[in-house]
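1. Could you work out the structure for the sequence below:
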Amino acid sequence: MNIRIRNGYQQVCIDTKWVYLHHYIWECNRGTRRKGYHIHHIDGNKFNNSIENLVELKSEYHILMHELAVKKSISIKDFYIFIGML
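-> Below you'll find the predicted structure:
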(Lines give C-alpha, C1' and ligand atoms only; values in the text may rest on other atoms or scores of the structure.)
Protein backbone atom coordinates (compact mmCIF):
# COMPACT_ATOMS: atom_id res chain seq x y z
CA MET A 1 0.00 0.00 0.00
CA ASN A 2 1.40 3.38 -1.03
CA ILE A 3 1.09 6.15 1.55
CA ARG A 4 2.17 9.78 1.32
CA ILE A 5 1.71 12.92 3.41
CA ARG A 6 -0.19 15.92 1.98
CA ASN A 7 -1.14 19.01 3.99
CA GLY A 8 -0.19 17.13 7.17
CA TYR A 9 -2.60 14.27 6.44
CA GLN A 10 -1.87 10.72 5.31
CA GLN A 11 -3.05 9.78 1.85
CA VAL A 12 -3.35 6.29 0.41
CA CYS A 13 -3.40 5.27 -3.25
CA ILE A 14 -6.59 3.34 -4.09
CA ASP A 15 -6.97 2.19 -7.71
CA THR A 16 -4.43 4.82 -8.88
CA LYS A 17 -6.28 7.65 -7.05
CA TRP A 18 -4.83 9.36 -3.96
CA VAL A 19 -7.39 9.78 -1.16
CA TYR A 20 -7.10 11.00 2.43
CA LEU A 21 -6.70 8.00 4.70
CA HIS A 22 -9.19 9.30 7.28
CA HIS A 23 -11.80 9.70 4.51
CA TYR A 24 -11.12 6.17 3.28
CA ILE A 25 -11.39 4.71 6.79
CA TRP A 26 -14.60 6.66 7.44
CA GLU A 27 -16.22 5.46 4.23
CA CYS A 28 -15.16 1.83 4.79
CA ASN A 29 -16.74 1.87 8.26
CA ARG A 30 -19.58 4.41 8.15
CA GLY A 31 -20.44 4.79 4.47
CA THR A 32 -20.27 7.72 2.10
CA ARG A 33 -19.49 11.10 3.62
CA ARG A 34 -22.38 13.54 3.53
CA LYS A 35 -22.15 16.63 1.35
CA GLY A 36 -21.27 19.70 3.41
CA TYR A 37 -19.56 17.68 6.16
CA HIS A 38 -15.90 17.19 7.12
CA ILE A 39 -14.25 14.25 8.85
CA HIS A 40 -12.56 15.52 12.02
CA HIS A 41 -9.87 13.88 14.17
CA ILE A 42 -11.33 14.07 17.69
CA ASP A 43 -7.96 14.09 19.48
CA GLY A 44 -6.40 16.51 16.96
CA ASN A 45 -3.81 13.93 15.87
CA LYS A 46 -3.96 13.75 12.06
CA PHE A 47 -2.15 10.39 12.18
CA ASN A 48 -4.67 8.75 14.55
CA ASN A 49 -7.05 7.46 11.91
CA SER A 50 -8.83 4.89 14.06
CA ILE A 51 -12.57 5.00 13.43
CA GLU A 52 -13.16 5.80 17.13
CA ASN A 53 -11.14 8.99 16.64
CA LEU A 54 -13.11 10.22 13.62
CA VAL A 55 -16.35 12.18 13.63
CA GLU A 56 -18.38 13.76 10.85
CA LEU A 57 -19.01 17.49 11.48
CA LYS A 58 -20.89 20.09 9.48
CA SER A 59 -18.22 21.99 7.59
CA GLU A 60 -19.14 25.35 9.15
CA TYR A 61 -18.84 23.87 12.67
CA HIS A 62 -15.52 22.26 11.82
CA ILE A 63 -14.07 25.49 10.44
CA LEU A 64 -15.38 27.55 13.37
CA MET A 65 -14.03 25.04 15.89
CA HIS A 66 -10.51 25.28 14.47
CA GLU A 67 -10.67 29.08 14.26
CA LEU A 68 -11.72 29.31 17.92
CA ALA A 69 -9.12 26.76 18.99
CA VAL A 70 -6.34 28.73 17.28
CA LYS A 71 -7.48 31.91 19.07
CA LYS A 72 -7.72 29.92 22.33
CA SER A 73 -11.26 31.30 22.70
CA ILE A 74 -12.75 27.90 23.60
CA SER A 75 -11.46 24.42 24.25
CA ILE A 76 -12.31 21.64 21.83
CA LYS A 77 -14.18 19.83 24.61
CA ASP A 78 -16.28 22.93 25.35
CA PHE A 79 -16.98 23.32 21.64
CA TYR A 80 -18.22 19.72 21.46
CA ILE A 81 -20.53 20.45 24.39
CA PHE A 82 -21.73 23.64 22.69
CA ILE A 83 -22.74 21.82 19.48
CA GLY A 84 -24.24 18.90 21.40
CA MET A 85 -21.61 16.22 20.78
CA LEU A 86 -20.89 15.60 24.48
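
2. tell me the contacts of the spatially most central residue of the chain?
-> The residue lying closest to the centre of the chain (Cα atoms, centre = their mean) is residue 40, at 2.1 Å. Residues in contact with residue 40 (Cβ atoms under 8 Å, 6 or more residues apart in numbering) are 54-57, 62, 65. Where C-beta positions appear, they are placed from N, C-alpha and C, glycine not excepted.

3. Only the buried residues of stretch 65-76, if you could.
-> Under the neighbour-count criterion of 16 or more other Cβ atoms under 10 Å, stretch 65-76 has 65, 68, 74 buried.

4. Secondary structure for those residues - can I get that in CSV?
-> CSV is the format used below for the buried residues of stretch 65-76 (DSSP: H, G, I helix; E, B strand; the rest coil):
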residue, secondary structure
65, helix
68, helix
74, coil
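
5. where's the dip in pLDDT among the residues you listed?
-> Here the lowest pLDDT out of the buried residues of stretch 65-76 sits on residue 74, with 73.

6. May I have the strands that pair with the helix or strand hosting residue 11, each with its orientation?
-> Taking DSSP states H and E as the definition, one finds residue 11 inside strand 9-14. Note on strand 9-14: by DSSP bridges, its sheet partners are strand 3-6 (antiparallel), strand 17-20 (antiparallel).

7. all helices for the protein, in order.
-> Taking DSSP state H as the test, the helices found in the chain are 21-30, 59-70, 76-82.

8. Next, the buried residues of the shortest one.
-> By neighbour count on 16+ other Cβ under 10 Å, the buried set for helix 76-82 is 79-80.
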